[in-house]
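[1] mind folding the following:
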Amino acid sequence: MADLEALEDWAAGLLGQLQPAARNQLARSIGQALRRSQQQRIIAQRNPDGSKYAPRKQRNLRGKQGRIKRQVKMFKKLRTASFLKVQGDGNTISVGFTGRVARIARVHQYGLRDRAERVAPEVKYDQREVLGFTGADIDLIRENLLLHLTLE
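    Below is the predicted model of the structure:
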């Protein structure tokens, strides 16, 4: 987070010179770029530090006939734009989940306990950081900011 604070200090003076409409446009474009970055990381099944997600637990599927698909990637629908929302205005940018999906993502993000269904037993989920900053994300923000300022 120290890198993010350093970037914020560096960009504060430059952003103060922009008109509100230009700041909103910049926030939207950076937010969309961050969302794409998060989506690619979720597709690759990687935590922000580069480690792989904890694998799914084995399930006891007595009576299940045929092939069991364990190759299906986790968070396949969560990474879509309809669930992974970008909000930005002149002062803030946020990329995250809303509603019921936010609860599911939070359980995995922090490795909390939850039920898969209402009648299911409570289970401790492994920590899988769905959202987070990487060094590449900080560089992406810096590059988008510089690109926007040079085009102005």
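[2] which parts of stretch 20-38 are buried?
    Burial within stretch 20-38, assessed by neighbour count using 16 or more other CB atoms under 10 Å, is assigned to 23, 26-27, 29-35, 37-38. For every residue, glycine as well, the C-beta is placed using N, CA and C.
[3] and of those, the nearest to P121?
    Relative to P121, the closest of the buried residues of stretch 20-38 is Q38; by CB to CB it sits at 31.1 Å.
[4] hang on, that closest one in a helix?
    Yes: according to DSSP: H, G, I helix; E, B strand; the rest coil, Q38 belongs to a helix.
[5] distance of it relative to D89?
    Distance of Q38 to D89, computed by CB to CB, to the nearest Å: 20 Å.
[6] mind telling me what element the closest residue to T92 other than its chain neighbours is part of?
    Once flanking residues are discounted, T92 sits nearest to A27: 7.4 Å by CB to CB, 6 or more residues apart in numbering. Using DSSP states H and E, A27 sits in helix 20-43.
[7] same question for that helix, mean pLDDT?
    In this model, helix 20-43 has a mean pLDDT of 92.
[8] need the residues that contact it.
    Residues from elsewhere that reach helix 20-43, judged by CB atoms under 8 Å, 6 or more residues apart in numbering: 15, 18, 48, 73, 75, 78-79, 81, 84, 86-95, 130-131, 134, 136-137, 140-141, 144-145, 148, 152.
[9] would you mind checking those for buried ones?
    15, 18, 48, 75, 78-79, 84, 86, 88, 90, 93, 95, 130-131, 134, 137, 140-141, 144-145, 148.
[10] OK, contacts around the nearest residue to R115 once chain neighbours are set aside?
    Once flanking residues are discounted, R115 sits nearest to E122: 5.4 Å by CB to CB, 6+ apart. Each residue near E122 by CB under 8 Å, 6+ apart is listed here: 113-115.
[11] thank you, goodbye.
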